[in-house]
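Trainee: next comes the sequence, and after it the predicted model I'd like to discuss.
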Amino acid sequence: MTSQMHEHRNKKIVHVGKQLSIAAILFLSISLSSFAGNPAEKIPGFRGVEHFMSTFPQATGIVCKNKGEFTEVNFTWQGMKLAAFYDLDGNQIATSREISVDNLPLTVQLNLKKEYAGFIPKEALEFDDIDNSLSYYVTVVSIKTTYLLRVSADGSSSVFKKMKN
């Protein structure tokens with residue numbers, strides 16, 4: 001691959017990554033039990049159908065949403081509610097799943113307790129992107145404020161979105 005192709009691909013990944021971060025907010029704020037969209041095989045132009053079906057062969061409740069630059073597939077697999085994200089060429093670019101706050105890594109829990117004393121962690125989403133960069137989106141709540149935090153696997157966090165209660 002030429003350096004121009006690598007540069008173009010990296011720019012595309014960064015662009016899609018930003019959109020996926022927005023998707024993470026939507027994923028946390030909408031109950032996964034209320035899927036809306038189309039089954040994977042009925043999305044016009046969704047090139048990732050075969051890849052999805054081979055990766056998650058026993059998936060149920062499959063619902064796709066075309067988000068313009070990527071396709072989001074929500075489904076249940078082995079009892080877990082998941083979302084998989086595919087680029088326009090049908091390549092998987094990320095997966096995410098709801099997890100219990102108690103199942104966050106210990107370093108993440110300890111850093112949240114230290115950095116956000118007085119806040120209560122309420123929801124967590126595990127997010128694994130194309131580079132196998134594992135991160136978490138955690139909603140923490142205080143009396144006055146709610147934050148959606150992006151937390152890396154090492155526990156470092158940044159405010160992704162601030163909301164008033």
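Mentor: Alright, I've got the coordinates.
Trainee: what strands line up against the biggest strand by length in the chain, and which way round?
Mentor: In the chain, with assignment by DSSP state E, the single longest strand is strand 120-129. Applying DSSP bridges to the sheet, strand 120-129 is found paired with strand 92-99 (antiparallel), strand 134-141 (antiparallel).
Trainee: which other residues reach the last one?
Mentor: Counting by Cβ atoms under 8 Å, 6 or more residues apart in numbering, the neighbours of strand 134-141 from elsewhere in the structure are 24-25, 28, 99, 101, 104, 108, 112, 116, 119-129, 146-153, 157, 160, 165. The C-beta positions use only the backbone N, C-alpha and C, and glycine is treated the same way.
Trainee: now those residues: which count as buried?
Mentor: Buried by 16 or more other Cβ atoms under 10 Å: 24, 28, 101, 104, 108, 112, 116, 119, 121, 123-127, 129, 146-151, 157, 160, out of the contacts of strand 134-141.
Trainee: about what we covered before: Met53: which of the strands paired with strand 120-129 is closest?
Mentor: Met53 lies closest to strand 92-99 among these, at 12.0 Å (Cβ to Cβ).
Trainee: following the lowest-mean-pLDDT helix or strand in the chain, which helix or strand comes up?
Mentor: The helix or strand of the chain with the poorest confidence is helix 3-29; it has a mean of 46 (mean pLDDT, DSSP states H and E). Sequence order places helix 49-55 as the next helix or strand after helix 3-29, per DSSP states H and E.
Trainee: and that next one, what does it pack against?
Mentor: strand 80-87, strand 92-99 (3 or more Cβ pairs under 8 Å, 6 or more residues apart in numbering; DSSP states H and E).
Trainee: per the annotation, how does the protein divide into domains?
Mentor: 1-95, 100-165 (automatic domain parsing).
Trainee: and those, which one's lowest on average pLDDT?
Mentor: Mean pLDDT is lowest for domain 1-95 out of the domains of the chain, coming in at a mean of 70.
Trainee: thinking again about what came up before, so can I have JSON lines of the helices and strands packed on helix 49-55 showing distance to Lys67?
Mentor: Shown next, in JSON lines, are the helices and strands packed on helix 49-55 (distance: least, Cβ to Cβ, whole Å):
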{"stretch": "strand 80-87", "distance to Lys67": "8"}
{"stretch": "strand 92-99", "distance to Lys67": "11"}
